[in-house]
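Colleague: I would like the atomic coordinates for the input below:
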Amino acid sequence: MASTSAQIVSVSSPSMRRCLYDVFLSFRGEDTRNNFTDHLYTDLVRRNITTFRDDKLKRGEEIQPELLKAIEESKSSIVVFSKNYADSRWCLEELAKIMECRKEYGQIVLPIFYHVDPSDVRKQKGSFGEAFTKYDYEENGKDKVKRWREALTEAGNISGWHINEGYESKHINEITTIIVNRILSCKLLFVEDNLVGMNFHFENLSLGLSMESNDVRMIGICGIGGIGKTTIAAYVYNQISWGFECSSFLENVRDVYKSKGQLRLQNQLLNDILDGENKKISNVRQGASLIKERLESRKALIVFDDIEDMDELNVLVGKHDWYGEGSRIIITTRNKHLLNTIEVDYQYEVEELKPNEAFELFSQYAFRRNLPKKDFDEDLLNRVVYYCQGLPLALKVLGSLLCDKTRHEWESELLKLEKEPEEKIQNVLKISFDGLDASQQVVFLDIACFFEGEDRDFVSKVLDGCNLYGEINIRVLWERCLISISQCNSIYMHDLIKRMGWKIVQEKYPEEPSKWSRIWNPSDIYLAFISKKGMKNVETISLNLSISKEIWFNTKIYDQMKKVFAKMKKLRLLKVYYNYDYGDSVLGEGHEYKMHLPKGFEFPPNLRYLHWENLESLPSNFHGENLVAINLKSSNIKELFTGEKNMKFIDVRNSQQLMKIPEFSRMPRLEKLNLEGCISFCELHSSIGTFSGIQFLKELNFRESGIRELPSSIGSLIFLETLDLSKCSKFEKFPDMIFVNMGRLRWLELSESGIKELPSSFGHLESLQSLSLTGCSNFKKFPEIQGNMKHLEYLSLERTAIRELPTSIECLEALMYLLLNDCSNFERFPEIQKNMDNLKDLSLANTAIKELPHSIRHLTRLQRLGLETAKT
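Modeller: I've put the predicted structure just below:
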């Protein structure tokens, strides 16, 4: 079977639709009625294939309703494209209807390109193009012509027969044999009607299936439980299984593997591909060998649904060389790592439904229609759909649950769901959790109850400090689709998966939060604190003070605090913070109450991460010997005494009274130091560069602090990547040779600082990508580019006192953005002798520049030249 290329389309319910005809024949009568099509029709009838041939109906401008009905009632359509096919409006209307039925009902379409090039059909060239020249000039019917073109393009992309030479009888025999053996005998899978959003999935999967290729292709469909992987695979199977010599859909491989073993799965696969003629195998090795032997010479479509284990892959799926040319293997799984292991050719991760799709699916189950009732409470509906977060399983389950219920019953169910997740949803999601090992389960619960929204690298290193193998365990959770990683590297978890984690923590003692391993809800934390039962099992506490803030500053809590913390020997992670997204954060950021700790208070010795905002002071005996990270944002502390060998992150931003931090020799593993807004902090200890053990420090943030100068020893921080001195009005000058060894510095932020000039060692910043001097009103001269600065992409000199740029600016070959807006003294742009191939944006608005040099033409990729109100 010669193929052109193939598409996949969504189908409504092909297995349920009533069909009167096996085949509908579409052809141009004057081309093929008395030869090829007549011979094809005769052979179809001879083989008892019920065929509708449209040459008995009276022809006219408008296609007859009987013909439209016949197309709808056909299981498949054969379209014979011949030289004059497109000359007939009737034929084109037939084709448009056929392609509509393909999209709507999953009708199988088989194109035959009879002495025409498939690309002429697809692109409307040759005789097809000539036919459309007359249609395109007609004023009326432009929409109809557009439909015809789209139908031809789509049909031309479908795998079919190109008959140009050879015996026609041989081609006809091949076509009718395929229809008898594959299409009419094809056993379709049941798929439910109430599905939405399928077009998007199928369009993406069609790219991976690449049906025009004779290669063996393996396709992976992955995603969280309940996202619709099996349903999508079943749709694909129904749409394309007719085009293969043999096919099999192995459903719920994980469950069958665990309950009935590998042999059952191997026997089922062999029965499917051998049409029940398989003799039962007695051992797994024999089964794997026989599967390979039977499949390696056959074009097969096999779907392995819900694969979880490497053993399942090895004895069932095998490798590409197990299968014959043109085979397609589809694997659904919750585990991306398995797909990488088997080296699938295309991996497709199923995402949550979009809001409009979620409303439609939910409405089908809750209201038995595509849209909610007009008079239904919109706010209530929004709350339920939002709870489901686009998960099809949840939308179906809750839609069915709330069908025919009153408004008050909906309200009651929502309140119940906050405390008790729906069991059907919970059980499906929990399968993924149960498949994790012990440390992976701990990390999963830490993220669900504590870390969601945090930076992945930060979380990983804090977990390392807890001996929980952060890097690999976070990757495993991502591979199992239990978490997602945003483009800015933050960790997120689907709301229903997060709630599943909460339920796991609560299930043994649902009404006794003091016995939970993790607490995150302010009311539960309050109950635990005042219960006087101790909290010896608590490992993590995350307390948002923006919610019910007043209860945390009463005497009752204050008196209990010292005793309760003394009993929490297992506490690893503690976060007390304000969330400014909450409307009841009355005074806003920077105006919250400062919290005092009781006299004699001690933090638990096992603590690895301490995050406590707006703290008045630390206990006098505080050392934090096991801490990996500390965050004391907006505190009133004057000196930070902590600093031990495991410390990696210090964040004391907006602690306006802070004057001193520990010597760096005590913190050899420090990676990030954030002193933003510490207006009393004026001087950095010189030990920062003299201590040879500092090999990990990557980020220093002094933004809007009181820093006046940097010690020359800072130049020894060879691993530093980010240095922020923006809004440091008292900082005027760098030590001259500071940048000589800073070859890894990528971001240098000096906006609105007091800087007057850059040091001569500036050219040594060979990795620098971004430099901002915006608003540095004392900065007058940009230095010559003397070193190897081949990575600088962003340079902002806006609102500076600069008059000109050195000609060596042309050496910045990676520069994409050069911003000089509001530089009122800037008079001359230098001659450019080299091609600055990457420069896209040159902004010179509100400058004193009068003319641009002719060499500006060397800026070959410039997209924006801003000259607003410039004097040129």
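Colleague: residue 819 against residue 797, yeah?
Modeller: Yes. In this structure residue 819 lies within contact range of residue 797 using Cβ atoms under 8 Å: 6.6 Å. Heads up, the C-betas are built off the backbone N, CA and C, glycines and all.
Colleague: who's more crowded, the two?
Modeller: Between residue 819 and residue 797, counted using other Cβ atoms under 10 Å, the more crowded position is residue 797 (24 against 21).
Colleague: look up the pLDDT of the more buried one for me, please.
Modeller: Each residue has a pLDDT score; the one for residue 797 is 97.
Colleague: any idea how far residue 566 is from it?
Modeller: 57 Å (Cβ to Cβ, to the nearest Å).
Colleague: which residues do residue 819 and residue 797 both contact?
Modeller: In terms of Cβ atoms under 8 Å, 6 or more residues apart in numbering, residue 819 and residue 797 are both contacted by the residues residue 774.
Colleague: so which elements touch the biggest helix by length in the chain?
Modeller: Scanning the chain for the longest helix, with DSSP state H as the assignment, gives helix 89-105. The criterion is 3 or more Cβ pairs under 8 Å, 6 or more residues apart in numbering; DSSP states H and E, and the helices and strands that helix 89-105 contacts are strand 21-26, helix 65-72, strand 74-81, strand 108-114, helix 142-156.
Colleague: if we go to 7 Å?
Modeller: In terms of contacts (3 or more Cβ pairs under 7 Å, 6 or more residues apart in numbering; DSSP states H and E), helix 89-105 is packed against strand 21-26, helix 65-72, strand 74-81, helix 142-156.
Colleague: for residue 93, find the nearest of the ones you listed.
Modeller: helix 142-156 (7.8 Å; Cβ to Cβ).
Colleague: send me that closest one as CSV with only the CA atoms.
Modeller: Written as CSV, here are the backbone C-alpha positions of helix 142-156 (Å, rounded to 0.1, in the frame of the first residue of the first chain):
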residue,chain,number,x,y,z
LYS,A,142,-15.9,31.8,-1.4
ASP,A,143,-16.5,29.9,1.9
LYS,A,144,-17.5,26.8,-0.1
VAL,A,145,-14.3,27.0,-2.2
LYS,A,146,-12.3,27.3,1.0
ARG,A,147,-14.1,24.1,2.3
TRP,A,148,-13.2,22.3,-0.9
ARG,A,149,-9.5,23.2,-0.7
GLU,A,150,-9.3,22.1,3.0
ALA,A,151,-11.0,18.8,2.1
LEU,A,152,-8.5,18.1,-0.7
THR,A,153,-5.5,19.1,1.4
GLU,A,154,-6.7,16.8,4.3
ALA,A,155,-7.5,13.9,1.9
GLY,A,156,-4.2,14.3,0.1
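Colleague: buried ones in it, by neighbour count?
Modeller: Buried positions in helix 142-156, judged by neighbour count with 16 or more other Cβ atoms under 10 Å: 145, 147-149, 151-152, 154-156.
Colleague: then stretch 744-763?
Modeller: For stretch 744-763, by 16+ other Cβ under 10 Å, it's 745-755, 757-759, 761-763.
Colleague: mind checking which of those residues land in helices?
Modeller: Using DSSP H, none of the buried residues of stretch 744-763 sit in helices.
Colleague: I'd like the next helix or strand past the helix or strand bottoming out on mean pLDDT in the chain.
Modeller: When each helix and strand of the chain is scored by mean pLDDT, DSSP states H and E, helix 687-690 comes last, with a mean of 69. Per DSSP states H and E, the first helix or strand lying C-terminal to helix 687-690 is strand 699-701.
Colleague: which elements pack onto that next one?
Modeller: strand 672-674, strand 722-724.
Colleague: how far off centre is that strand?
Modeller: 29 Å (Cα atoms, centre = their mean, to the nearest Å).
Colleague: ditto for stretch 722-731
Modeller: 35 Å.
Colleague: buried stuff in it?
Modeller: So for stretch 722-731, counting by 16+ other Cβ under 10 Å, buried means 723-728, 731.
Colleague: quick one: contacts of that stretch?
Modeller: By Cβ atoms under 7 Å, 6 or more residues apart in numbering, the residues outside stretch 722-731 that reach it are 698-709, 745-755.
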